[in-house]
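**Student:** predicted model and sequence below, questions to follow.
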Amino acid sequence: MYIIKLQKYLGQQKAITDYIGTNNIEIINSNKTSIGQSNPTYILEFKNLSRKLVLRKQPEGQLLPGAHAVDREYLVTDKLSQIGFPVAKPLLLCKDTSVIGTQFYIMQFVEGRIFTDPLMRGISTQEKREILFEQARVLAQLHNINYKDIGLSNFGKPENFYQRQIQTWTRQYKLAETNNTPGMEDLIYWLQQNIPQQHENDIVSIAHGDFAINNLIFHPTQPKILAVIDWELSTIGNSFADLAYMTQCYLVSPIQSKAHFGGIKGIEQYLDLPKYEEILEVYCKARNITKQPDLRFYTVFSLFRLASIGQGVYKRALQGNASQVEVGKLFYDLIVKLSNDAMEIIKSISNNDPFGIQEFIKNDQPRWGQWSISERAKSYYYRVREFLIKELFPFEKEIIHEAESRPQETRWSPLKKLHEIKEKAKKQGLWNLFCTYPTFGKGLTNLEYAFICELMGTSIFAPEIFNCSAPDTGNMEVLILYANNQQKLKYLLPLMEGEIRSCFAMTEPDTASSDPTNLETTITKNDQGYVINGRKFYISGAGDERCKFSIVMGRSARNKDKPHNDFSMVLVDLPHPNIKIVRPMHVFGYDEAPHGHMEMIFDNVQIPKENLIWKEGAGFEIAQGRLGGGRLHHCMRLVGISQRAIDLMIERAKVRKVQGKLLIANDSFQQKIGELETLLQSCRLMVLNSSMQLDKLGNKKIFSLKSLSETKAYVPKVAQQIIDEAIQIFGAAGVGQDYYLPLAFIQARTLRIADGPDELKQLQVYMRGIHQLEAMQNYEIYMLIILIVFQVIALKPDSKENNCVFYNCHKEWHQCMYDDVCEKKLVFCVTRYQREQDAPYAMGMFLDCLIFEHEITKKLLSCVIKKCKAPEGGCLLEAYDLYYNKM
């Protein structure tokens, strides 16, 4: 802290000098308290003075919006102190950050007891009861205060507290998110769908927000609260949120962590604490409430909020600016634990069906099979399906008619009916489902999204409705992965909100796009930034009047040795006076307005240097990163298009007669449907398998890249065949405007070119197969790894030493384990090997785990080497890394 500046400043403040009795201030101690992880708090001691002061400040570094507002703490405690409510009386608020680097406020020091151990070990049973009852009474006292009467009318909005709080803490959590945490995503999803009606006793009042036992200062010898502290989360809110927070420990299981003690669920009877119902009874009596409320929803909400706060602490700890850095780093385990406990409470509320999908799944089990799909993802699937049936399909022909019948002056404006449906989807939270990245997405995996994206493929309009349409999805991935904060603020956020559209300018009319090193558009550096010159065509989305920027790829250097380092990507604001839209390029005679595929001329387009994405020469690297899940989205949608085509064929066959016989009864038709369904299922399985490999291996491993190329080469071709067969069944109507089939055929056919021609994809399959074959030449080394591991932990099951090795290795390995399925596989295959059952099969399973779980397996091998002191250990790990990287 800035001691000299601070003591000089305090000596000039009347409120301080009046309280301590002098302006001759010399700080001799500024001890940071161990309480709290948010706003750092210090006890100030002065030379020759008995009185102490407490300083509470904002933390250093970048803060989340609205967080750490010490001015709000000062305001609420000042107002409450004036009516005698027990708080540490505030004396001074300083917003001048030049004094100690941040805003802070000063309050009186209150001598007393703070119970940092929630179990209050060492305290008698009777005093424990009196302390907790006092806590309940003081909370009721706070809620009985009329906040308007004490000048806090503007301290918060009184209406829709839970909706606003869930939105706020979801936003705060997402801004601080460092990992995709399924339990938190489940919580966010469930809370948004299950806000209860206003309870008559859940009154609007001053809400403390963190009314825990360690935020209370008790009398040194009596069970009496002298001060309620840590008002950072206080606002005007609903009283049951505070009550649930205070009592949540009774519904949460214990956790051994310095970050948080968890709760006392299952052990409360052994701790000499009052029962849950007794605490509620004291509170209700003080509030004149006759019937104890069911607090389970409010407890879930409190746990979610606490976990969101924990995520903020964890991120600040990783950045090094948490109040207690080392303790802060333990918070991620706490977040996982709290979210899991909250989900257990939700299951008790919902009869073990948190997302209300068991009735759907009961009749739909074959769809999900053994794929690893969360209940939340299934819920999204059924909600998207229901939305399409109710909100889109009935209006599809109306939307097509609107697009085709508009005059030229409004041809490139958004379709009104489509925009209305899009707003409904956004309001229902069916939005940006494609995004698998922390902070920005819904926490779905590529595999989970593949099922949902198949639904979106059933209509050409569906992807835009859910803000999941190309090229916006690919551009969002680029900005998420490679843009700086200023670029994200300007381009990414409005794109993710659906406020604007975008385009991606890469294809050129005079070069072979199958080899992008042929690109001729130039991006030349100058003093002002960069100048772009070139011609692009088939730039999808550029016709839409909502298209406000383009990502342009062009040549920024000429390097014969490394041609892939010659290209960069830049952001260009649209419209631009030096960019001319020459014409809309047609696709089989359609201009596809208002989306469009434009030919554009870039004529000395000057952009600032800040518009460069990532770094010069990184264009190809960005392009590869851009095509992560986006590489598969087209194929996911084509499965949906093909399924709809087959469904339309069957519907048509039920009402069309040929030679007096319904077509559905025709043997050749039935055989044809069987053939097409088989082809479709092969496409679906290829898409799902590629999605799973993307989740497991990422988009840079030969395994996943080969699978992607296979899928991209196969699926569009088969989809085109299926749709063509459907058109044949419909006859003349199949190529007309009354049915979806012509648009579906166009989409399938163009996708055999749009993301690279079939021939290039098949060549990639061959090349990646060769690389895989080369990697397999290290098979002997790989088998050596497997044999050493099995010999160490499996071959001598009767050896106490080896069993101990296996146990310790597995225990250490389990601590870094996130995939339960993989863990069970490993334990299973080792066990079977020990029993000499199906040894080759067991080794095969182990091989599969090693391929798909690189880091986890590497840690397991490290454990084995360490425990057995294997001299060849270093070489073993090096060989494994070499093999895996080639794969």
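**Tutor:** Arrived safely.

**Student:** in this protein, what helix or strand scores lowest on average pLDDT?
**Tutor:** Across the helices and strands of the chain, the lowest-confidence element by mean pLDDT, DSSP states H and E is helix 800-815, at a mean of 43.

**Student:** now the nearest residue to Val658 once chain neighbours are set aside: how far from Asp724?
**Tutor:** Taking C-beta to C-beta, 6 or more residues apart in numbering as the measure, Val658 lies nearest to Asn666, with 6.7 Å between them; neighbours along the chain are not counted. Placement of C-beta: from N, CA and C, glycine included. Between Asn666 and Asp724 the distance is 19 Å, computed by C-beta to C-beta, to the nearest Å.

**Student:** where does the stretch 151-300 of the chain dip in pLDDT?
**Tutor:** Scanning the stretch 151-300 of the chain for pLDDT under 70 picks out 256, 258-261.

**Student:** quick one, strands of it?
**Tutor:** 204-207, 216-218, 225-228, 235-238 (DSSP state E, counting those that start in this stretch).

**Student:** surely Ile373 is in a helix?
**Tutor:** No: secondary structure assignment places Ile373 outside any helix; it is coil (DSSP: H, G, I helix; E, B strand; the rest coil).

**Student:** neighbours of Glu675, just the number please.
**Tutor:** The burial count assigned to Glu675 is 13, neighbours taken as other C-beta atoms under 10 Å.

**Student:** err, Asn518, not the other one
**Tutor:** As a burial measure, Asn518 scores 13 neighbours (other C-beta under 10 Å).

**Student:** surely Ala653 and Phe669 touch.
**Tutor:** Yes: counting by C-beta atoms under 8 Å, a contact exists between Ala653 and Phe669, whose distance comes to 5.8 Å.

**Student:** and the pLDDT at Gln737?
**Tutor:** The score at Gln737 is 86. That number is its pLDDT.

**Student:** ok, it touching Glu396?
**Tutor:** No: because the distance of 11.9 Å does not satisfy C-beta under 8 Å, Gln737 is recorded as not touching Glu396.

**Student:** between the strands of the stretch 151-300 of the chain, which gets nearest to Ala593?
**Tutor:** Within the strands of the stretch 151-300 of the chain, the stretch nearest Ala593 is strand 235-238; the backing value is 48.2 Å (C-beta to C-beta).

**Student:** send the alpha carbons of that closest one over as PDB?
**Tutor:** C-alpha atoms of strand 235-238 as PDB (Å, rounded to 0.1, in the frame of the first residue of the first chain):
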ATOM      1  CA  THR A 235     -28.700  -4.500  -3.400                       C
ATOM      2  CA  ILE A 236     -32.400  -4.100  -3.300                       C
ATOM      3  CA  GLY A 237     -33.600  -7.600  -3.800                       C
ATOM      4  CA  ASN A 238     -35.800 -10.500  -2.500                       C
END
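
**Student:** helices and strands around that strand, which ones?
**Tutor:** Counting contacts by 3 or more C-beta pairs under 8 Å, 6 or more residues apart in numbering; DSSP states H and E, strand 235-238 packs against helix 161-176, strand 204-207.

**Student:** neighbouring strands - and their directions - for it?
**Tutor:** Each strand that strand 235-238 pairs with, and the sense of that pairing, follows from DSSP bridges: strand 204-207 (antiparallel).

**Student:** chain center to the strand it pairs with, what's the gap?
**Tutor:** Here the centre of mass of C-alpha atoms in strand 204-207, compared against the chain's by C-alpha atoms, centre = their mean, to the nearest Å, lies 31 Å away.

**Student:** equivalent analysis for stretch 204-213, please.
**Tutor:** Using C-alpha atoms, centre = their mean, the mean C-alpha position of stretch 204-213 is found 29 Å from that of the whole chain.

**Student:** repeat that for stretch 157-173.
**Tutor:** Relative to the chain's own centre, stretch 157-173 is displaced by 18 Å; criterion: C-alpha atoms, centre = their mean.

**Student:** kindly report the same for stretch 132-147.
**Tutor:** In this view, stretch 132-147 has its centroid 37 Å away from the chain centroid, taken as C-alpha atoms, centre = their mean.

**Student:** can you give me the buried ones in stretch 489-498?
**Tutor:** The neighbour-count criterion (16 or more other C-beta atoms under 10 Å) identifies 490-492, 495-496, 498 as the buried residues of stretch 489-498.

**Student:** just stretch 576-591 next, same as before
**Tutor:** Within stretch 576-591, judged by 16+ other C-beta under 10 Å, the buried ones are 576, 579, 581, 584-585, 587, 591.

**Student:** can you check stretch 270-284 too?
**Tutor:** Taking 16+ other C-beta under 10 Å as the basis for neighbour counts, the residues of stretch 270-284 that come out buried are 273-274, 276, 279-284.

**Student:** neighbours of the nearest residue to Tyr147 once chain neighbours are set aside, how many?
**Tutor:** Nearest non-adjacent residue to Tyr147, counting by C-beta to C-beta, 6+ apart: Ile206, 5.0 Å away. Residues near Ile206, counting by other C-beta under 10 Å, number 26.

**Student:** farthest-separated two in the buried residues of stretch 576-591?
**Tutor:** Spatial extent of the buried residues of stretch 576-591 (C-beta to C-beta) is set by the pair His576 and Val587 at 25.0 Å.

**Student:** circling back to that earlier point, out of the buried residues of stretch 489-498, list just those in strands.
**Tutor:** Residues of the buried residues of stretch 489-498 located in strands (DSSP state E): none.

**Student:** now those residues in a markdown table, with pLDDT and distance to Asn238?
**Tutor:** Written out in a markdown table, the entries for the buried residues of stretch 489-498 read as follows (pLDDT from 0 to 100; distance: C-beta to C-beta, whole Å):
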| residue | pLDDT | distance to Asn238 |
| --- | --- | --- |
| Lys490 | 97 | 37 |
| Tyr491 | 98 | 38 |
| Leu492 | 97 | 34 |
| Leu495 | 97 | 35 |
| Met496 | 96 | 30 |
| Gly498 | 96 | 31 |
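
**Student:** turn those residues into TSV, including distance to Thr178.
**Tutor:** As requested, those are exported to TSV (distance: C-beta to C-beta, whole Å):
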residue	distance to Thr178
Lys490	24
Tyr491	23
Leu492	18
Leu495	23
Met496	19
Gly498	26
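
**Student:** Lys128: which of those residues is nearest?
**Tutor:** Lys128 has its nearest neighbour among the buried residues of stretch 489-498 in Met496, at 49.9 Å by C-beta to C-beta.

**Student:** the closest one contacts Asn432, correct?
**Tutor:** Yes: counting by C-beta under 8 Å, Met496 touches Asn432, with 5.8 Å between them.

**Student:** which neighbours do those two share?
**Tutor:** Counting by C-beta atoms under 8 Å, 6 or more residues apart in numbering, the contacts common to Met496 and Asn432 are 440, 467, 476.
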